[in-house]
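Enquirer: for reference, the sequence and a predicted model appear below.
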Amino acid sequence: MGKARVRHFVLGPIQTNVYFLVNEETKEMILVDPADNAPRILDYAKQNNLIPKAILLTHGHYDHIAALKAVKEAWQVPVYAGENEKNLLANPMMNLSGSWAGQGVTAAADTWCKDGERLSLAGFDIRVIATPGHTEGGVCYYVPAENLLFSGDTLFEGSCGRTDLPTGSMRTLVRSIKDKLFVLPDETLVLPGHEGATTIGDEKLYNYVAGM
């Protein structure tokens, strides 16, 4: 990688990956999916003298947004999410905070991103890739210059996100992965919403989705 450094924590009851994309030259930072434990997120940024610039949401399930409100209030930075995720973020039953977490969590983005949109944040050029299937408005964030893909719950090592939840569709998810993600360079490092990192090249070879 060039000027990027990625640090991640595993937070929350479903062991969600929370990523800090840090510009080593400026200490500016982007947070991806504030899953839980806002104090830990805030403390890490403070202790490392990071300068928060934005929060990116890959999708709206509660295990990816539980700390969003507290972090946004502390940092006063814009939140980005896919344009088709508005309803799910705003509905506790759809985002599972009502049925699974026993609390009504809602959220909204400051910027609703379109497929293919380019974001210039913290010195990084970031491409928004709409990848519906796990949820209708799920997106991945691709940083070409750094060979990084934040895939949320679209693509995992050896598998993909579940599709039996509100707005999910396996057919749509498989199409998203094959048409939108498997066309990226093989060396692209995939940083998923759960479990370990992988590469696009490995997933094209070993992920069961490749054969569907």
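Expert: Okay, I see it. Numbering: from 1, shown residues only.
Enquirer: so what's Met1 scoring on pLDDT?
Expert: In this model, Met1 is scored at 55, pLDDT.
Enquirer: can you pull the contacts of the residue lying closest to Asp36 once chain neighbours are set aside?
Expert: Excluding its sequence neighbours, the residue lying closest to Asp36 (Cβ to Cβ, 6 or more residues apart in numbering) is Gly12, at 3.3 Å. For every residue, glycine as well, the C-beta is placed using N, CA and C. Residues near Gly12 by Cβ atoms under 8 Å, 6 or more residues apart in numbering: 35-37, 63, 66.
Enquirer: ok, Pro69 - how many residues close by?
Expert: Pro isn't right for residue 69; it's Lys. By other Cβ atoms under 10 Å, the residues close to Lys69 number 14.
Enquirer: in what helix or strand does it lie?
Expert: Here Lys69 is covered by helix 68-75, with elements defined by DSSP states H and E.
Enquirer: quick one: contacts for Glu28?
Expert: Applying Cβ under 8 Å, 6+ apart to Glu28 gives the contacts 22, 50-53, 122-123.
Enquirer: list buried residues within those residues.
Expert: For the contacts of Glu28, a neighbour count by 16 or more other Cβ atoms under 10 Å gives the buried set as 22, 50, 52-53, 122.
Enquirer: now tabulate the residues you listed in CSV and tack on secondary structure and distance to Leu88.
Expert: Output for the buried ones among the contacts of Glu28, formatted as CSV (DSSP: H, G, I helix; E, B strand; the rest coil; distance: Cβ to Cβ, whole Å):
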residue, secondary structure, distance to Leu88
Val22, strand, 29
Leu50, coil, 29
Pro52, strand, 25
Lys53, strand, 25
Ala122, coil, 26
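Enquirer: out of these, which comes closest to Arg5?
Expert: Distance to Arg5, by Cβ to Cβ, is smallest for Val22 among those, at 4.5 Å.
Enquirer: could you give the bridge partners of that closest one?
Expert: Arg5, Met29 (DSSP bridges).
Enquirer: which residues touch it?
Expert: By Cβ under 8 Å, 6+ apart, the neighbours of Val22 are 4-7, 28-29, 48, 50, 122.
Enquirer: tell me the confidence at the residue most central in space within the chain?
Expert: By Cα atoms, centre = their mean, the chain has its centre lying nearest to Thr58, at 3.2 Å. pLDDT recorded at Thr58 is 98.
Enquirer: can you check the one 3 residues further on too?
Expert: Listed pLDDT for His61 reads 96.
Enquirer: list the contacts of it.
Expert: Here His61 is in contact with 88, 95-96, 135, 153, 165 (Cβ under 8 Å, 6+ apart).
Enquirer: now with 6 Å?
Expert: Counting by Cβ atoms under 6 Å, 6 or more residues apart in numbering, His61 touches 95-96.
Enquirer: A helix includes the residue nearest to the centre of the chain, no?
Expert: No - according to DSSP: H, G, I helix; E, B strand; the rest coil, Thr58 belongs to no helix; its state is coil.
Enquirer: for the helix holding Lys69, which positions count as buried?
Expert: Buried residues in helix 68-75, counted by 16+ other Cβ under 10 Å: 68, 71-72, 74-75.
Enquirer: shaky segments in this protein?
Expert: Counting by pLDDT under 70, the ranges of the chain that qualify are 1, 99-102.
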